[in-house]
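S.K.: let's see this in three dimensions:
(one chain, ligands or ions: 1)
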Amino acid sequence: MTLTLDAPRIVTTRPLVTLRDVTKTYGDVQAVTRVSAEVFPGEVLGIVGESGSGKSTLLRMMNLEDTPDSGSYTLDLPDVQGNLFELGRFARRMLCATKIGIVYQNPHLGLLMKHSSSGNVAERLLIAGERRFSVLRDKARAALAASEFPLERLDAPPIELSGGMQQRVQLAKAIALEPALLLLDEPTTGLDVSVQALVLDTLKRLQQDRNITMVIVSHDLGVIRTLADRVMVMRRGEVVEAGLVDQIFQDPQHPYTQQLVHAKL
Ligand SMILES: Nc1ncnc2c1ncn2[C@@H]1O[C@H](COP(=O)(O)OP(=O)(O)OP(=O)(O)O)[C@@H](O)[C@H]1O
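M.R.: Predicted coordinates for the structure are as follows:
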């Protein structure tokens, strides 16, 4: 009898996302200092930390909206080579439109508030080059359905929707092209607790059904615990601790992480 054992994932799988020594300053403010991280395919990485710790800045750089002072960023995808921070404006735009999706805390950053919800999602497909009306309509509808958006409200502009519904439109826009990487910046912050739980359920289901690689930023440890496999704790621009979610929450090593975890309990 031949016995075969699967090698551990960590050995067999290359990271989808690799950040190396990423540093960003704004004037005198050191927003992110030499941050390195890897995210494996199908994994959810959570980033926690108090306000001003550099979480959103890091995520914006991963969405190529902002360029660091130094450091590198690679995505292990066919046709994507080199340090993405060195790409020109057009290449960045195309890469973000086709391979990376983002949901912001503030829907005004991600949506055209007075355009229809389906139009907002179709816009993402248009940027990626789709021109056939029936494909635009069907794909937008499918993405909104997957985000558990009520389809009878397809024509409603986000400005007329609740906060939870606005986040679902952002999510639909972000996943419309089945991105390799989904970035979530405080996606449920500011929503009512019950709505927050529903949006988190949708995110969890989507992640499980589609095995999407995600990076989620939140100051809420409950959100990170619900969604993430691994967590990175940031303080004043630096990573102070990183590891599996269960390990970090049950046995935090850094005094700052201990403080965060105990404050939550
Ligand atoms: N565009 C900018 N111009 C100047 N300073 C900035 C800019 N963006 C961020 N900063 C500063 O960089 C630091 C990190 O901010 P960042 O928003 O990344 O933190 P955060 O952990 O996401 O906080 P929050 O949860 O409050 O959004 C802060 O001191 C912030 O004031």
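S.K.: could you use CA atoms for every contact and neighbour count after this?
M.R.: Will do.
S.K.: and for the residue lying closest to Ile212 once chain neighbours are set aside, the neighbour number?
M.R.: Of all residues not flanking Ile212 in the chain, Gly42 sits nearest, at 5.1 Å (C-alpha to C-alpha, 6 or more residues apart in numbering). Using other C-alpha atoms under 10 Å, Gly42 has 18 other residues around it.
S.K.: next, Gly42: phi, psi?
M.R.: With angles defined as degrees, to the nearest 10, Gly42 sits at phi 80, psi 0.
S.K.: repeat that for the one 3 residues further on.
M.R.: Backbone geometry at Leu45, expressed as degrees, to the nearest 10, gives phi -100, psi 130.
S.K.: wait, the residue nearest to Ile212 touches Val215, no?
M.R.: No. The pair Gly42 / Val215 is not scored as a contact, 10.5 Å apart, by C-alpha atoms under 8 Å.
S.K.: got the residues of the chain near the ligand?
M.R.: 26, 29, 31, 50-57 (C-alpha under 6 Å from any ligand atom).
S.K.: and those, which two are furthest apart?
M.R.: Pairwise distances across the residues of the chain next to the ligand (C-alpha to C-alpha) peak at 18.3 Å, for the pair Tyr26 and Glu50.
S.K.: between these two, who's got more neighbours?
M.R.: Comparing Tyr26 with Glu50 by other C-alpha under 10 Å, the one with more neighbours is Glu50, at 16 against 10.
S.K.: that one is in contact with Gly237, isn't it?
M.R.: No. Counting by C-alpha under 8 Å, Glu50 stays clear of Gly237, with 10.4 Å between them.
S.K.: tell me which residues touch the closest residue to Thr33 other than its chain neighbours, please.
M.R.: Leaving aside its chain neighbours, Thr33 sits nearest to Thr23 (4.5 Å; criterion: C-alpha to C-alpha, 6+ apart). By C-alpha atoms under 8 Å, 6 or more residues apart in numbering, the residues touching Thr23 are 30-35, 68-71.
S.K.: mind redoing it with 10 Å?
M.R.: 30-36, 58, 67-72, 237-238 (C-alpha atoms under 10 Å, 6 or more residues apart in numbering).
S.K.: buried stuff in the helix or strand containing it?
M.R.: Element membership for Thr23, per DSSP states H and E: strand 17-26. For strand 17-26, the neighbour count (16 or more other C-alpha atoms under 10 Å) marks 17-20, 22-24 as buried.
S.K.: do the same with stretch 89-101
M.R.: So for stretch 89-101, counting by 16+ other C-alpha under 10 Å, buried means 92-93, 95-101.
S.K.: now swap in stretch 51-63 and tell me
M.R.: Neighbour-count burial for stretch 51-63 [16+ other C-alpha under 10 Å]: 53-63.
S.K.: ok, back up a step: and which of the buried residues of stretch 89-101 is nearest the ligand?
M.R.: Gly101 (17.9 Å; C-alpha to the nearest ligand atom).
S.K.: quick one: secondary structure of the closest one?
M.R.: Following DSSP: H, G, I helix; E, B strand; the rest coil, the label given to Gly101 is strand.
S.K.: pull the contacting residues for the nearest residue to it once chain neighbours are set aside.
M.R.: The shortest distance from Gly101 to any non-neighbouring residue, by C-alpha to C-alpha, 6+ apart, is to Ala174 (4.1 Å). Counting by C-alpha under 10 Å, 6+ apart, Ala174 touches 96-103, 110, 121, 124, 143, 147, 168, 181-184.
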